[in-house]
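Trainee: can't give you the sequence, but here's the structure:
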Ligand SMILES: *[C@@H]1O[C@H](CO)[C@@H](O)[C@H](O)[C@H]1NC(C)=O
Ligand SMILES: *[C@@H]1O[C@H](CO)[C@@H](O)[C@H](O)[C@H]1NC(C)=O
Ligand SMILES: *[C@@H]1O[C@H](CO)[C@@H](O)[C@H](O)[C@H]1NC(C)=O
Ligand SMILES: *[C@@H]1O[C@H](CO)[C@@H](O)[C@H](O)[C@H]1NC(C)=O
């Protein structure tokens, strides 16, 4: 009681002290049924890496290597200790007033061997308890089945590059639907295919450390799309009738802004958008890869002497399997890049970048965050939604991640508030003026957490976490107070209009 009145007083204070940030902000309320949420992912927050029967995953493996490839030798062994502190996390979500919490399941916590021969009941229990706690507080669980932590047994066999992955993923998804589907009505099969496949198997940053540029990412894409589709159909066949939920996927990428208004730059923008978003959404909506992706990779593969394209082909049966397998598309959006065509094609360059035929960059002068890849460009949010809305008509969209990092976790995070406010203004504009069918928005992240190869150096949380304290003490930042006002008023300014 005392705590919550202090909290509401501080909301009032921030209500009067957070000014608008000098741009024209959309003052219109979001629709009544628009959902606001916050997100995390299992490896980034849970800790308890070897407790209660959990198996080893690729991140446990990478972070324990000596020398470590992770900044400052950081690991997620304890992370935010959410495995033990999930009730506190739910109380923070309650304080934020969010409609939903997006979190992910640790595959190796549920299936320690990676396979479905043994289900770890203690692991299942953890997620049951978390889901129960959320529902007791009227917060809807939105569950990501795969957010980058893969059992090491499966990674050792090539991970997503090996097509045996497809049925192993479907086995795992079936266990998830069976164990949690009574209570979970929103499912996301994969978080950020392009991070998994391009950064993972193309660049060797995310899944394991080996990389096969220009080959590994396409094998991964091909298996991931088929695994997604098979899991969606399996839900449809075995669970939808009794559980009545929806299953989607979260696609990430920059808005790609033409660097000039020349037709060559406009075309370069369209091409890179197809290689970023179309690569996944086009098959899911229409059954096959976008034409420009097919053409570019096929053409360069021939010139490079391959007898088969580096981009595998779907059979007619697979086209039927994949077409129409998403109840919604989640979008993770953070930033924008400029683009122009490559001057000339170096045909001996076997890589995804060379296949796109374009060069992209982020201008120095754009506003920085705590992450080199994340430059602040609010207008890109509206442009991207508009592009998605007009390319994939009738597809329901939800923003499954958006957020801002700094490097010090400051509680006085006005820059984060400004980012959220300006991005949400552009998102509201896209709904109001461009007719984009968007039903929700997710702040990344609830907590400062383990930011993959950057360790704990990049902080995206609405709540600060003290990683030096064994308690992993959570403290609300100014942005948490701002966000809690947004979830209550459905509006980003003080003077809302209906
Ligand atoms: C990381 O670990 C290596 C030993 O593997 C050690 O030499 C190095 O000083 C450590 N770096 C930090 C920042 O702790
Ligand atoms: C062409 O690509 C190959 C392979 O990536 C590289 O070794 C070579 O330096 C590149 N040539 C030029 C002119 O950039
Ligand atoms: C923390 O970083 C931000 C940049 O994101 C900076 O504006 C602020 O001054 C820093 N605060 C402290 C206490 O170092
Ligand atoms: C951790 O939490 C316990 C129980 O709330 C408290 O007694 C202790 O002082 C805390 N320790 C630190 C280092 O904050």
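Mentor: Alright, I've got the coordinates. Source: prediction; values computed, not measured. Ligands and ions are numbered 1, 2, ... in the order given.

Trainee: going forward, measure contacts and count neighbours with C-alpha atoms only.
Mentor: Noted.

Trainee: any idea which element residue 269 lies in?
Mentor: Under the criterion of DSSP states H and E, residue 269 resides in helix 263-273.

Trainee: what does that helix contact?
Mentor: Contact with helix 263-273 is made by 255-260, 292-293, 339-341, 356-358, as judged by Cα atoms under 8 Å, 6 or more residues apart in numbering.

Trainee: swap in stretch 209-219?
Mentor: Outside stretch 209-219, the residues touching it (Cα under 8 Å, 6+ apart) are 62, 160-162, 197-198, 200-204, 310-312, 350-352.

Trainee: how about a cut-off of 7 Å?
Mentor: Contacting residues not belonging to stretch 209-219 are listed as 161, 197-198, 201-204, 310-311, 350-352 [Cα atoms under 7 Å, 6 or more residues apart in numbering].

Trainee: of these, closest to ligand 1?
Mentor: residue 204 (19.9 Å; Cα to the nearest ligand atom).

Trainee: and after the top helix by length along the chain, which helix or strand comes next?
Mentor: Across the chain, the longest stretch assigned as helix under DSSP state H is helix 216-238. Proceeding N to C from helix 216-238, the next assigned helix or strand is helix 240-243, under DSSP H and E.

Trainee: what helices or strands is that next one leaning on?
Mentor: For helix 240-243, there is no helix or strand it packs on, judged by 3 or more Cα pairs under 7 Å, 6 or more residues apart in numbering; DSSP states H and E.

Trainee: Can you give the contact residues for whichever helix or strand comes after that helix?
Mentor: Next helix or strand after helix 240-243 toward the C-terminus (DSSP H and E): strand 246-252. Residues outside strand 246-252 that contact it (Cα under 7 Å, 6+ apart) are 185-194, 232, 277, 326-333, 400.

Trainee: go on, stretch 374-394?
Mentor: Stretch 374-394 is contacted from outside by 255, 334-336, 366-369, 422-423, 426-427, 429-430, 434, 436, using Cα under 7 Å, 6+ apart.

Trainee: So which of these are in helices?
Mentor: Per DSSP H, the subset of these in helices is 422-423, 426-427, 429-430.

Trainee: coming back round to it: which entries within the contacts of stretch 209-219 meet the buried criterion?
Mentor: For the contacts of stretch 209-219, a burial check counting by 16 or more other Cα atoms under 10 Å picks out 161, 197-198, 201-204, 310-311, 350-352.

Trainee: so how far is residue 59 from the residue of the stretch 1-150 of the chain found nearest ligand 2?
Mentor: Closest residue of the stretch 1-150 of the chain to ligand 2, Cα to the nearest ligand atom: residue 69 (23.5 Å). Residue 69 is 11 Å from residue 59, where distance means Cα to Cα, to the nearest Å.

Trainee: Between the two, which has more neighbouring residues?
Mentor: Taking other Cα atoms under 10 Å, residue 69 and residue 59 do not tie; residue 59 has more neighbours (24 against 17).

Trainee: Return the helix or strand in this structure with minimum mean pLDDT.
Mentor: When the helices and strands of the chain are scored by mean pLDDT, DSSP states H and E, helix 2-17 comes last with a mean of 40.

Trainee: Quick check: what element follows that one along the chain?
Mentor: Taking DSSP H and E, what comes next after helix 2-17 is strand 35-39.

Trainee: Return the list of helices and strands in contact with that following strand.
Mentor: By 3+ Cα pairs under 7 Å, 6+ apart, strand 35-39 packs against strand 100-104, strand 438-444.

Trainee: contacts for it?
Mentor: 98-103, 439-446, 487.

Trainee: Contacts for the helix or strand following it, please.
Mentor: Remark: after strand 35-39, the chain's next helix or strand is helix 42-45, criterion DSSP H and E. Contact partners of helix 42-45, identified using Cα under 7 Å, 6+ apart, comprise 76, 79-82, 103-106, 149, 449-451.

Trainee: Now with 10 Å, please.
Mentor: 49, 57, 59-60, 75-83, 85-86, 103-107, 109, 144-149, 446-452, 455-456 (Cα atoms under 10 Å, 6 or more residues apart in numbering).

Trainee: still on that earlier bit, would you reformat the contacts of helix 263-273 as TSV and include secondary structure?
Mentor: Shown next, in TSV, are these (DSSP: H, G, I helix; E, B strand; the rest coil):
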residue	secondary structure
255	strand
256	strand
257	strand
258	strand
259	coil
260	coil
292	helix
293	helix
339	strand
340	strand
341	strand
356	helix
357	coil
358	strand
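
Trainee: secondary structure element for the residue in the stretch 151-300 of the chain that ligand 1 sits nearest to?
Mentor: Of all residues in the stretch 151-300 of the chain, residue 209 sits closest to ligand 1, at 16.7 Å by Cα to the nearest ligand atom. Here residue 209, judged by DSSP H and E, is contained in no helix and no strand.

Trainee: Many thanks, have a good one.
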